[in-house]
Every structure is written in structure tokens, then in C-alpha cells.
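1. Sequence first, predicted coordinates after that:
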2 protein chains.
Amino acid sequence: MRYGLVMVNTGNGKGKTTAMLGTLLRAWGRQMRVCVVQFIKAETGNWGEIRAAKKLEIEWHALGDGFTWTSKDLDASADKARQAWALAQEKIASGAYDVLALDEITYAFHYGWLDVNAVIAWLRENKPSTLHVIFTGRDAPPELIEYADLVTEMREIKHPFQKGILAQAGVEF
Amino acid sequence: MRYGLVMVNTGNGKGKTTAMLGTLLRAWGRQMRVCVVQFIKAETGNWGEIRAAKKLEIEWHALGDGFTWTSKDLDASADKARQAWALAQEKIASGAYDVLALDEITYAFHYGWLDVNAVIAWLRENKPSTLHVIFTGRDAPPELIEYADLVTEMREIKHPFQKGILAQAGVEF
């Protein structure tokens, strides 16, 4: 009864990438083979999750490193996103994984760097039937929600910024 | 600028405990000292997260093991929940941790096994100022949301049960 789920963590709240990490940890705990392709990498490269993934020997590709939220060079960012998808395609088609995460891929759809319909069509054709795939990012397109099996919206109810508290290392990044 | 956040993962969707796991993994990646007290333990004890926590040597206490959703003996469950809170109090007051998770504690509020106001009053008095605490569970009471710094609602948009797909080991549990 093994069925490769298509999972989406979306919404404006915290917890999209964090829940993806938890899913990977759970799978890792069961000796499953996991891989992460990150489409956006923020300005600092020293995140708790990357440190943890290294310690766990989880395969982790942060390809979006040309892009930051203040980036002027969107063409370079588009190229990086397409490279990230090409790498993800290779990993998916290899059959070498049980769980593959496409972290913050929705930004690539939003900016028009990747076409969501083309991505879904490719997955329908090429995704191994037992491979679980996790998409994360805000504003998941309706086509992706339609394609997915499990979709969770992380909604922000309250955020420490509202109290003037800065982001805390170790728990928020 | 270290400030111990009070975090709540609530809502009817997947990802509350999973995002808690991700937060613990991130903290663990930064060599922070983490501890989990679970207030509800489901009928099978062989979860991916417990296996993973063991491998990571994360301190994990699953105290709610008298309780299942089909349990008839709610008095025993109430006792277990109170024992879990007593243990959590000891761990919190010890000052020995950076992040402490109270997994599925909201059920203890909901069933009246613990009083949310008493729990918050105790935390205001005794929680070390740098300790991060994570509460998870459906239907977080308004008092808890008021007390918290960071609250995320995990909303179910789509669930594989809707397609008749059984829960998948490794990613869902």
C-alpha cells in the first residue's frame, strides 16, 4: 500500500519549511532516502536546518543562492531556479529517493521562472509512483493544489515581530 | 538579544507536530539542548519521530501512553496528563534546556485535565527567560494564544483520505 504522496505546505505563516524538515526527519528515522532542493536561499547561508541536514547526512542542494529578496538581477535568479528544477528532475527520475522536497519552489512559479503546468505534466509522466514529493512556499498555485494529495495552509495568527521581538536563531532559522 | 519564544502550532491540519519536529531539528543543528514531553501517545508506539529522536539523542518523554482515542478510562488519562505536566515543570525549572516542546498538550486543556490559566501563570513565574517553549495541538485556547509570541494555524486544505489513500509510514507518522 505504498503510495507516493504529493504534499504542499503553503500559506503566509511560519512552518512551511519547518514542517518539511519534520517530515524529512521522520522519514530519516525510518531509514528512508531523502533529498532537498532549495529554490530560494536567503542572504545568510548558515541556517540551522542546513547544519542539521549535514549532521544527518541528508542530501541538500541550495541552488537558489543567486537570489535574495533584495536582488536586482532577476535574470540570474530565473537561471538558478531552472537549474534547481533540472537537478530536481534528475533526482526524481533516478528512483534513488523515497522523499524529495522542493523547498520554496512556489516563488519560481510566481515570478514566472518555471511553469507550474509543465512541472506537473513532467511529474505525472516521470515521478516514481512510490516517491513522496513535498512542495513548499507561499501562494501555491491552484493547479498545484489540484494535483496534490495533501495540502496544508500555515496561517499566521500571531508573530513576534508584532511585539518587536527579533527572529531567534535555532528556532526560527 | 536571546528571547525565549512561546510558540503555538494549532489548527485542524497536518503539520503541528511535524513543524515542532522541524524546529527541534533546527535547534539541534545549532547544538541547542532540546526536550519533548508528549501528552498524547497514539495506539502504535513505533513512530518515525520517536525513532529519529532516539538516533539524535533528543530527550523524548511520551507520557500519555495510557490514552488512546478509543480509551474508556479517561481518569487514567487525566492522571497521565498531570504526570506529563509535572515532568514538564521539572524540566522547565531546571534551566537545562534551550527548547522544550509540549506536544498535544491542548487536548489536556480541552478535556479539563489541566487548567490553561494555571499552566500560563506557572510559566510566567518559572520559565527561564531564554527558554523557547512550543505548544502543539488542535483548538489552542484563547488564553494560550494571548500568552504566545508566535502562533500558526495549520489548516487542512486537502487530505489524502479524501482520495481513499491510507496514511503513509515515514511521512505521515
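-> Cool, got the structure.

2. rest of the way, CA atoms for contacts and neighbours
-> OK.

3. Packing partners of the least confident helix or strand in chain A by mean pLDDT?
-> Across the helices and strands of chain A, mean pLDDT, DSSP states H and E gives its lowest value to helix A:48-56, namely a mean of 84. Using 3 or more Cα pairs under 8 Å, 6 or more residues apart in numbering or on different chains; DSSP states H and E as the contact test, the elements touching helix A:48-56 are strand A:59-62, helix B:16-29.

4. change it to 6 Å
-> Under the contact criterion of 3 or more Cα pairs under 6 Å, 6 or more residues apart in numbering or on different chains; DSSP states H and E, helix A:48-56 touches helix B:16-29.

5. Show residues contacting whichever strand in chain A runs longest.
-> In chain A, assigned by DSSP state E, the strand with the most residues is strand A:150-158. The contact list for strand A:150-158 (Cα atoms under 6 Å, 6 or more residues apart in numbering or on different chains) reads A:7-13, B:150-160.

6. That one: partners in the sheet, and parallel or antiparallel?
-> Sheet pairing for strand A:150-158, assigned by DSSP bridges, gives strand A:6-10 (parallel), strand B:150-158 (antiparallel).

7. between the shortest one and helix A:16-29, how big is the angle?
-> Strand A:6-10 runs at 140 degrees relative to helix A:16-29, counting by axes from the mean of the first three to the mean of the last three Cα atoms, to 10 degrees.

8. If you average the pLDDT over strand A:6-10, what comes out?
-> Mean pLDDT, computed over strand A:6-10, is 97.

9. next one: stretch A:162-172
-> 80.

10. mind listing what's buried in it?
-> Neighbour-count burial for stretch A:162-172, counted by 16 or more other Cα atoms under 10 Å in any protein chain shown, picks out A:167, A:170-172.

11. same question, stretch A:140-152
-> Buried-residue list, stretch A:140-152, by 16+ other Cα under 10 Å: A:140, A:144-145, A:147-152.

12. Please apply the same query to stretch A:109-119.
-> A:109, A:113-114, A:116.

13. Columns pLDDT, distance to chain B and secondary structure on top of these, output as CSV?
-> CSV is the format used below for the buried residues of stretch A:109-119 (pLDDT from 0 to 100; distance: Cα to the nearest Cα, whole Å; DSSP: H, G, I helix; E, B strand; the rest coil):
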residue, pLDDT, distance to chain B, secondary structure
A:Phe109, 96, 20, helix
A:Trp113, 92, 26, coil
A:Leu114, 96, 24, coil
A:Val116, 98, 19, helix
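
14. residues touching the residue nearest the centre of chain A, list them.
-> Centroid-nearest residue in chain A, with Cα atoms, centre = their mean: A:Asp103, separated by 1.2 Å. Neighbouring residues of A:Asp103 by Cα under 6 Å, 6+ apart: A:38-39, A:135-136.

15. Could you rerun that using 8 Å?
-> Shown in contact with A:Asp103 (Cα atoms under 8 Å, 6 or more residues apart in numbering or on different chains): A:17, A:36-40, A:134-137.

16. Mind picking the two most distant members of the residues you listed?
-> Within these, two members stand farthest from each other by Cα to Cα: A:Ile40 and A:Ile134, at 15.0 Å.

17. Tell me how far the helix or strand where A:Leu102 lies lies from the chain's centre.
-> Using DSSP states H and E, A:Leu102 falls within strand A:99-103. Centroid displacement of strand A:99-103 relative to its chain, using Cα atoms, centre = their mean, to the nearest Å, is 5 Å.

18. Then stretch A:94-108?
-> That offset, for stretch A:94-108, works out to 6 Å (Cα atoms, centre = their mean).

19. what mean pLDDT would you report for it?
-> pLDDT averaged over stretch A:94-108 gives 96.

20. Using PDB, write out the CA atom coordinates for that stretch.
-> Taking Å, rounded to 0.1, in the frame of the first residue of the first chain, the C-alpha atoms of stretch A:94-108 are listed here in PDB:
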ATOM      1  CA  SER A  94      16.800   8.500 -10.700                       C
ATOM      2  CA  GLY A  95      14.500   6.400  -8.500                       C
ATOM      3  CA  ALA A  96      17.100   6.700  -5.700                       C
ATOM      4  CA  TYR A  97      14.900   8.500  -3.200                       C
ATOM      5  CA  ASP A  98      11.900   7.900  -1.000                       C
ATOM      6  CA  VAL A  99      11.200  11.600  -0.200                       C
ATOM      7  CA  LEU A 100      12.100  14.600  -2.200                       C
ATOM      8  CA  ALA A 101      11.500  18.200  -1.100                       C
ATOM      9  CA  LEU A 102      11.200  21.200  -3.500                       C
ATOM     10  CA  ASP A 103      11.600  23.900  -0.900                       C
ATOM     11  CA  GLU A 104      10.100  27.400  -1.800                       C
ATOM     12  CA  ILE A 105       9.500  26.300  -5.400                       C
ATOM     13  CA  THR A 106       6.300  28.400  -5.500                       C
ATOM     14  CA  TYR A 107       8.300  31.600  -5.800                       C
ATOM     15  CA  ALA A 108       9.700  30.200  -9.100                       C
END
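
21. pretty sure A:His132 is touching A:Leu5, no?
-> Yes. The criterion here is Cα atoms under 8 Å, and A:His132 meets it with A:Leu5 at 4.7 Å.

22. Now do the shared contacts for these two.
-> Counting by Cα under 8 Å, 6+ apart, no residue touches both A:His132 and A:Leu5.

23. Grab the two from the buried residues of stretch A:109-119 that are most spread out in space.
-> A:Trp113 and A:Val116 (9.5 Å).
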